[in-house]
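>>> Sharing a model that was predicted from the sequence below.
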Number of protein chains: 2
Amino acid sequence: MGSSGIDSGDFTLPGEAGYEGLTLRLAEAWGADTIRDSDGTALSPELLASGKSIYSTICLVRSINAWARANPDKVQQNYLMSFPVDAASTEVEIGLLEGYSKDQFKVNFDDDPREWWQVFDRTTGEEVPASDWSFDAARGVVRVRNARRRHSYAVDFLAYRLWEEISMYNHVTNNWGDRERLMAVEPAYPETQAALLEYLQRWLDEHPATSVVRFTSLFYNFAWFWGDDPALRFVYSDWGSYDMAANPYLLRRFEAERGYRPRAEDFVNTGRYNSTHNPPGRVYREWMDFVHRFVVEFGRKCVDLVHRAGKKAYVFYDDHWIGVEPYSPRFAEIGFDGVIKCVFNAFEVRLCAGVSGVATREIRLHPYLFPTGLKGEPTFAPGGDPGRDARNYWMVARRALLRAKVDRIGLGGYPHLVEPFPDFVDAIADIAREFRALKALHAAGAPYVAPCRVAVLTAWGRLRSWTCSGHLHEHPEVELTRVIEALAGLPFDVRFLSLDDLLSGGIPDGVDVIVNAGRAGSAWSGGSEWNDPRLVEVIGDWVAEVGGLIGAGEPSACAGGATWFRLASILGVDRETGSTICRSKRRYAEPSGRHFIAADFAAHDAPAFYRETGDIFAIDSRTEVLAEAAGSPRIAVHPYGAGRAVYLSGFGSDAACRRLLHRAVHWAAGEEASFSDWTCSNIETECAYFPASRSLVVINDGDSPALTTVTCAGGQRREIELAPYGIEILRL
Amino acid sequence: MGSSGIDSGDFTLPGEAGYEGLTLRLAEAWGADTIRDSDGTALSPELLASGKSIYSTICLVRSINAWARANPDKVQQNYLMSFPVDAASTEVEIGLLEGYSKDQFKVNFDDDPREWWQVFDRTTGEEVPASDWSFDAARGVVRVRNARRRHSYAVDFLAYRLWEEISMYNHVTNNWGDRERLMAVEPAYPETQAALLEYLQRWLDEHPATSVVRFTSLFYNFAWFWGDDPALRFVYSDWGSYDMAANPYLLRRFEAERGYRPRAEDFVNTGRYNSTHNPPGRVYREWMDFVHRFVVEFGRKCVDLVHRAGKKAYVFYDDHWIGVEPYSPRFAEIGFDGVIKCVFNAFEVRLCAGVSGVATREIRLHPYLFPTGLKGEPTFAPGGDPGRDARNYWMVARRALLRAKVDRIGLGGYPHLVEPFPDFVDAIADIAREFRALKALHAAGAPYVAPCRVAVLTAWGRLRSWTCSGHLHEHPEVELTRVIEALAGLPFDVRFLSLDDLLSGGIPDGVDVIVNAGRAGSAWSGGSEWNDPRLVEVIGDWVAEVGGLIGAGEPSACAGGATWFRLASILGVDRETGSTICRSKRRYAEPSGRHFIAADFAAHDAPAFYRETGDIFAIDSRTEVLAEAAGSPRIAVHPYGAGRAVYLSGFGSDAACRRLLHRAVHWAAGEEASFSDWTCSNIETECAYFPASRSLVVINDGDSPALTTVTCAGGQRREIELAPYGIEILRL
């Protein structure tokens, strides 16, 4: 499956029985060396015998549905919080599944509710004593007595899941009617493990042509609770949370191992659950660690079977990836040979490229070969223009491929849909060739990086490298997502640090600029851990001596202090949250636009941000405001000792913001002089220089023709013309 | 001084020596029955003998400057927080007055700093032990040792005030050069009281022609700390705070009386001081009560002297009004005969009109007879149009005069400035006649009020009736200011309740609709007191049975609960503050505009608010959204039991917002049927019906001609044409 020239190799094509000729014609056009099956498709003998490598997908936990039906107490469970009910009198009745999908959930009355559930007065946050509540399994309700009128009551209860969510989503979206509903079994039980391993062994025996077993993914899906009201179709979802992996069996094992048992409320957390966007608490961190250990251990057994069958095992880094944790040091123990990541964004390319402990990293490109896209828009359907879509997605992802090496690309879906769209066939052929050319450059030697090494500082650190939990479009309000999207294509070494890392080890060598971005209280800006003053000490000393700090949104924000931004003295700005409106705000000089960071925009035409933090003010006379809106600084710079800080009141997705960050990193690092090296004059274009092969790659990040000048290291300048979406590779 | 017909009486004119003829001509034109002096002016014998009543202003505490110079330890003091300094090593030196005006402040080293000051590590909030800091009086610094690097340190210290702030402001603004700088003496010392009473007696003896002594005001100015940096001219200011009344003498008396002594930090409060915009804590409330008692006691002595001299005593409800508290039950004990309030806004007219315990309520209109206005714009100067200004200010204030009776109007400043502006003379003559006509209607019997009695719920309640601390333009970010401005001219009985009132006595009879408006954590929305669940109980029961609730901005918002708005179940909406972004938000029906509240605006043309709260979401299926922006409800209604709630994501100052609130109150009260009674069809116009005199007053709130139809109680409709700024009074 290695690369074999610019026209073929490193490409995974979905095959489709009944369309063998088309599949093979596409394989030829795109240089595919591998054919894969998809959910709902099987590969025919003709395709299996085509001489291509064969990927076969498997989602173990939903593969043994007959066993699951026979063992209904061994399907996966989770804690749910009932929708709160206001007490109109001293008695309240709470319908446990009211508002939730009964297709997905069934209340678990088998494990004693008195032992496993909790009932809360959500108005006070106090637990209702056991003597004050009772349940009626037949009616699926809990009754609270001695309630306080007008207080809200809610129950934390255990629910079985009757329908695995990815199956459910595909089933509902594609109107699969009475096709079987797949359940996800809980793999922690020895009985389940036996059944799964037996199933896997049989499956391996029955798939002799398969060269790669592609796990989708391992055992636990990300959290996804469905509602039963069309106005609230989904109640809760988080790509990164472990909330769907809790059940009494695992909780008892946890207790035996660690000496205490997490309570229902440790999962429910006032209905916030354990969202990846919030800083993780101690119990949740330990729970993650426990589940991860289990997934690694049992995952290893599954992978061993695959290896014993002479096949490779790849993991799809989406869907049931909970507990897999490719950025955990223990990930490699599972023994996967490859990782596959579907990418909408550049940061997801970096996420894939940065996984260690596997030989092969593959990205799955968009659009999928489906009639419609994720938002219901036509792709391979009348009105769709999948060739344009493919070029646009590629243009977004390609920036990251200039900086980091990925080994393979692939598609998913149903090839028969491609037939009416010859432009799409051409687009993918071009993309595949571009990909192979870039891969070859990386293989010859790494690209130039600027001497400004960046560390992104969050509550999660390395474990959530290159992700803010999900794709950009899901939570556009999360500033850091756009920041890492920009960083994904900029010529910097980037690492991810946690606040804990700083507390335990200080700021490691090899960091020139720290970036902290996000809303107050979020895991991304850091949350209440900023109450630990050692963070201010460590960062303050480091910036004052040598470092650069870039804050976006509400960096280091935390309630309860003298300032809202705990690093306000360094940043030179703070935010008015209402309690100090009687303190006058310092006037600052009109933004002049004459600053290194502002060199690419006029003073009154600073880059737009997706969302403005607002109510920002300068805290001392050295704060220089480079852009403002409605009297609130949007871009400001500030010296601190020998170091420098930059504040951005938000961040955007366009070329202007990418350039702003590019300059901000250089300035914060005191590296203005090296900025122009291997930088494009036209901000809609970017470039990478590969010294080993003396190759300069220049890309057009837009759909219009572009003229750009690259300043080479010696100061020579090269002018390059680029077609829309274009790429040029120059041998220097 | 009583009224004497439409053309004269009830009008106070500033007189000016040297312009006696002009003063008397203006008095004739405007029907003035009273002549006053102003700061920096004296009335000449000719004016004193004009037959008019004479107001003479006196500001006692700054009247005995020679005594103050001789007794420098008896000028007023306050606590200040030094500007925080970051520790670059384990030693920090803090310049106490660094950043503050040395014209205003002098550090008090006379009272032992070790007893009276506190030093804080503002990074941790911990007090620095006394053994770790020392002071150097000669250099005006505090030195901290054993500092933690990068932590911020600040000192809470006592400062004398060398220049009374109103004197300072007038002096600096008018370039008074080397004119004497007036100091404010501390009236608590027996020696000061003796000097002040002696001065007052002499002054009374020397002013035989004076009929009214107009106090400006009593003893303590609102908080106003000046900076010495042109970029930070004022450091802190709050019209309502008691922060400038602290000194060791008063603190010791407080301790003797109440058994404990407030600490420096009780005043400094992390540099937030005791801003009226923040909910008052227990110590601050007790301090206010203590100061108020003292002001009432010593104020009574001053007023007694005035009365014994056969004169009346009025108080100017601005400047040194701290401790006077006209909405306190103890205010009447001072014995004032009248209160004077300067008004920029309608709510200030209501504030004046609502004071009980005095015989006379007078408003001082704008513009002042000064060359320039508060923002430096020309008024009585080339380029100014004071006639237009007068009409505009009057139009704003007049709405409130339709609803509540005020006894007198007046002007301030220097009459000689008026000469080049005959249009101003005409404007004031018209305004004075309108005023007298309205006063006469009130005298004959109160106007109609709709059957929807409103209570505005804040942390302050009645004590801060009809004010959010200062004029609207000072803190436009305070939503409640615009809400009370609208209420000031609407036909409702309005009262102000505190959260404490609700806790101690429930919701009183005679309330139909509760309004809670403001930013989270502010005194206006209520702050952390919402953690007391009894508030939810009391309001929930009341709304469910009978009541209406209107919330604006972040009503009942308080961190730490299951919802951000503690009344979310009632309001039907809550705010996403970042911790629940993984919980999906309920979809709601597209706003249709078909709702009683929305009858005056199209669905896509809802009234604009000054500021949008944003990130609002509907919490149940009964929430009806009437307007939205960027996916966030702006106007929503929700039933709760038998009651109703309205949510507004902000509020504006225009006629559309006034009408929105007018309708919202009727709807929340279940009083849609009575809405049209005595209501104008044209929202730029308003009316009041006075049943006793069968008079209908219709006003034009705009500067364009207006046609409007008034629905009378029986359902008859009257069409009225109004001139720009016009008023019509119809006898029905």
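All right, it came through fine. Bear in mind that the values here come from a model prediction, so they are computed numbers and not experimental data.

>>> What ranges does the stretch 501-650 of chain A have for its strands?
Counting by DSSP state E, counting those that start in this stretch, the segments of the stretch 501-650 of chain A that form strands are A:513-518, A:548-553, A:573-575, A:616-618, A:624-629, A:632-640, A:643-648.

>>> elements contacting the helix-or-strand element of chain A with minimal mean pLDDT?
The helix or strand with the lowest mean pLDDT-type score in chain A, counting by mean pLDDT, DSSP states H and E, is helix A:45-48 (a mean of 88). With contacts defined as 3 or more Cβ pairs under 8 Å, 6 or more residues apart in numbering or on different chains; DSSP states H and E, the secondary structure elements packing on helix A:45-48 are helix A:20-30. For the C-beta atoms, the positions are set from N, CA and C on the backbone; glycine is no exception.

>>> quick one: contacts for whichever residue of the stretch 301-450 of chain A sits closest to chain B?
Using Cβ to the nearest Cβ, the point where the stretch 301-450 of chain A gets nearest to chain B is residue A:322, with a distance of 14.2 Å. Residues counted as contacts of residue A:322 (Cβ atoms under 8 Å, 6 or more residues apart in numbering or on different chains) are A:219, A:220, A:221, A:222, A:240, A:241, A:242, A:244, A:245, A:291, A:295.

>>> If we check chain B, which of the residues you listed are in contact?
Residues shared between the contacts of residue A:322 and the neighbourhood of chain B are residue A:241 [Cβ under 8 Å from any Cβ of the partner chain].

>>> now the contacts of residue A:322 as CSV including secondary structure, pLDDT and neighbour count?
Conversion of the contacts of residue A:322 to CSV gives the following (DSSP: H, G, I helix; E, B strand; the rest coil; pLDDT from 0 to 100; neighbours: other Cβ atoms under 10 Å in any protein chain shown):
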residue, secondary structure, pLDDT, neighbour count
A:219, coil, 97, 28
A:220, strand, 98, 26
A:221, coil, 97, 24
A:222, coil, 96, 23
A:240, coil, 95, 23
A:241, coil, 96, 25
A:242, coil, 97, 25
A:244, coil, 96, 24
A:245, coil, 95, 27
A:291, helix, 98, 21
A:295, helix, 98, 27
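
>>> quick check, nearest of the contacts of residue A:322 to chain B?
residue A:241 (7.3 Å).

>>> For the residue nearest to that closest one when sequence neighbours are not counted, give me its contacts.
On the basis of Cβ to Cβ, 6 or more residues apart in numbering or on different chains, the spatially nearest residue to residue A:241 that is not a chain neighbour turns out to be residue A:223, at 4.3 Å. For residue A:223, the set of contacting residues under the criterion of Cβ under 8 Å, 6+ apart consists of A:78, A:236, A:237, A:238, A:241, A:242, A:243, A:244, A:273, B:582.

>>> Could you count how many residues lie near the last one?
Using other Cβ atoms under 10 Å in any protein chain shown, residue B:582 has 27 other residues around it.

>>> Let me see the backbone angles for residue A:453.
Note on residue A:453: its backbone torsions stand at phi -90, psi 130 [degrees, to the nearest 10].

>>> from what I can see it touches residue A:509, true?
No: Residue A:453 is beyond contact range of residue A:509, at 9.5 Å (criterion: Cβ atoms under 8 Å).

>>> The two: who's more crowded?
For residue A:453 versus residue A:509, neighbours defined as other Cβ under 10 Å are more numerous around residue A:453 (18 against 6).

>>> any idea how far the more buried one lies from residue A:508?
From residue A:453 across to residue A:508, the span is 10 Å (Cβ to Cβ, to the nearest Å).
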